[in-house]
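**Student:** Provided below for reference: sequence and predicted model.
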Amino acid sequence: MMSRLLCLIALCWLTWPVHAWSAVSLVDDRGVQVTLPQSPQRIVSMLPSLTETVCALHACERLVGVDAYSNWPVSVQALPRVGGLEDANVERIVALKPDLVLLAKSARVTDRLEALGLKVLTLEPRSMKDMERVLGQLGRVLDSEAEATTLWQQIDGGLNRAVAALPAEARGKRVYFEVSSGPYAASESSFIGETLARLGAANVVPGSLGPFPKLNPEFVVRADPQVIMVGDRNAVALAGRPGWERIDAVKSGRICVFTPAQGDVLARPGPRMAEGATIMANCLKDKFK
C-alpha cells in the first residue's frame with residue numbers, strides 16, 4: 001500500500017506543470033543584443049524610472065544598488081547609492097556584484113562596465129510607446145510578463161481617467177512645459193507631450209525639435225502659451241527672462257509650479273505616469289475654472 005502511494009506521489013510530481021526559465025535575448029536601446037542565461041537576482045539600476053518600474057513589477061528585493069536620484073518607492077532610499085549618468089561610481093557598482101546593471105542609453109559608464117565583465121542593459125524610454133516596450137522587456141527579464149501587461153493596462157487606464165475628468169473649458173489651451181533650466185522643454189514627441197495631447201492641450205513646442213529640446217527663450221515669447229508648467233526650482237527665474245512679461249500665461253498668472261516630489265512624478269516615464277497626467281489635469285482645471 002505504501003509503495004503504491006509513493007508511486008502516485010512521484011507520478012504527480014513528474015506530471016505537475018513546472019515553469020522553467022529559458023535564456024532571454026533582447027535588443028537594448030543601443031541596438032545591442034543582450035542575452036541573459038537566467039533571470040537576474042542582483043540588479044543595479046542607474047535610472048529612477050527603471051528603478052520604479054522594477055519595483056512596480058514586484059522585484060524591488062532584487063535591487064542591490066541604485067543611482068543618486070532614485071527615491072521611490074521609499075524602500076529604495078536605504079539601498080547603496082552608485083552615482084548618476086555623469087559620475088557613476090564604477091568601483092562601488094562592481095563591489096555590489098550585480099548580475100545585471102540597468103542604464104540609460106546616454107550613460108557614459110556602459111563600455112567600462114562591460115569591459116569589467118558586467119552584464120549591461122540600456123533602456124531609456126522617452127515616449128509612451130517606448131514605455132510600453134521597456135515595460136515588456138523588463139517583464140521578460142524579471143520573468144514577470146503577465147505583471148508587465150497588467151501594469152501597462154493600469155497606466156493606460158489611469159491616463160484615460162485623468163482625461164475624462166478634465167472639463168471642456170480646460171481643453172485646447174496652449175501649454176509650455178519646462179523640464180529644466182536652459183530652458184529645456186517637453187515637446188509633442190516626448191511622453192510628457194503625449195500626455196498633454198491626450199488631455200487636449202496644444203503643446204507650443206513641436207515634436208520636430210526632439211523630445212526635450214533646448215530652446216531660445218525668445219521662442220517661448222513668440223509661441224505665447226496660455227499656461228506654463230514648471231518646477232519650483234526654475235519658476236523663480238521666469239520673471240527675469242527678457243520679454244516673458246508679455247507672455248499670456250505670465251500676464252494672466254497661469255503658471256503651475258510643481259513641487260520637487262511632483263516634478264519627479266512628471267519627469268519619469270514609469271509606473272506613475274497616470275499620476276503625472278492627473279497632476280497636469282489638475283493644473284489645467286485650476287487655471288481655467
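**Tutor:** Noted; the coordinates are in hand. Small disclaimer: the values here were computed from a predicted structure and weren't measured.

**Student:** flag every buried residue along stretch 261-271.
**Tutor:** Judged by neighbour count using 16 or more other C-beta atoms under 10 Å, the buried positions of stretch 261-271 are 262, 263, 264, 265, 266, 267, 268, 269, 270, 271. The C-beta positions use only the backbone N, C-alpha and C, and glycine is treated the same way.

**Student:** cool, stretch 191-198 as well?
**Tutor:** Buried residues in stretch 191-198 (16+ other C-beta under 10 Å): 191, 192, 193, 194, 195, 196, 198.

**Student:** in a helix, the second one, correct?
**Tutor:** The reference is to residue 192. Yes. When DSSP: H, G, I helix; E, B strand; the rest coil is applied, residue 192 is found to be in a helix.

**Student:** against residue 185, how distant is it?
**Tutor:** 9 Å (C-beta to C-beta, to the nearest Å).

**Student:** okay, and the common contacts of these two?
**Tutor:** 177, 179 (C-beta atoms under 8 Å, 6 or more residues apart in numbering).

**Student:** just the strands in the chain please.
**Tutor:** Along the chain, counting by DSSP state E, strands occupy 24-27, 33-36, 43-45, 63-66, 100-103, 120-122, 174-180, 184-185, 202-203, 227-231, 255-258.

**Student:** residues contacting the fourth one, please?
**Tutor:** Going back to what we said before, that points to strand 63-66. Where contact means C-beta under 8 Å, 6+ apart, the residues beyond strand 63-66 that reach it are 42-46, 48, 51, 54-55, 76, 79-82, 92-93, 96-98.

**Student:** which of the buried residues of stretch 191-198 sits closest to residue 213?
**Tutor:** Nearest to residue 213 among the buried residues of stretch 191-198, counting by C-beta to C-beta, is residue 193 at 10.9 Å.

**Student:** my guess is that closest one contacts residue 186. True?
**Tutor:** Yes. Using C-beta atoms under 8 Å, residue 193 is in contact with residue 186, at 5.3 Å.

**Student:** what touches both of those two?
**Tutor:** Joint contacts of residue 193 and residue 186 (C-beta under 8 Å, 6+ apart) are 177, 203, 205, 211.

**Student:** for residue 242, give me its contacts.
**Tutor:** Listed by C-beta under 8 Å, 6+ apart, the contact set of residue 242 reads 217, 218.

**Student:** now residue 288
**Tutor:** Per C-beta under 8 Å, 6+ apart, neighbours of residue 288: 167, 169, 170, 173, 254.

**Student:** please redo it, this time with the cut-off set to 6 Å
**Tutor:** Residue 288 makes contacts with 169, 170, as judged by C-beta atoms under 6 Å, 6 or more residues apart in numbering.

**Student:** of the shared contacts of residue 193 and residue 186, which is the nearest to residue 230?
**Tutor:** Nearest to residue 230 out of the shared contacts of residue 193 and residue 186 is residue 177 (C-beta to C-beta; 7.7 Å).

**Student:** now that that closest one has come up, it's in contact with residue 186, right?
**Tutor:** Yes. Contact status for residue 177 versus residue 186: in contact at 4.3 Å, counting by C-beta atoms under 6 Å.

**Student:** find me the pLDDT at residue 238, would you?
**Tutor:** Here, the pLDDT recorded for residue 238 equals 88.

**Student:** and for it, the neighbour number?
**Tutor:** Look at residue 238: counted by other C-beta atoms under 10 Å, it has 20 neighbours.

**Student:** count the residues that sit near the residue nearest to it when sequence neighbours are not counted.
**Tutor:** In space, and not counting its chain neighbours, residue 238 is closest to residue 244: 6.0 Å by C-beta to C-beta, 6 or more residues apart in numbering. Residue 244: 18 surrounding residues under other C-beta under 10 Å.
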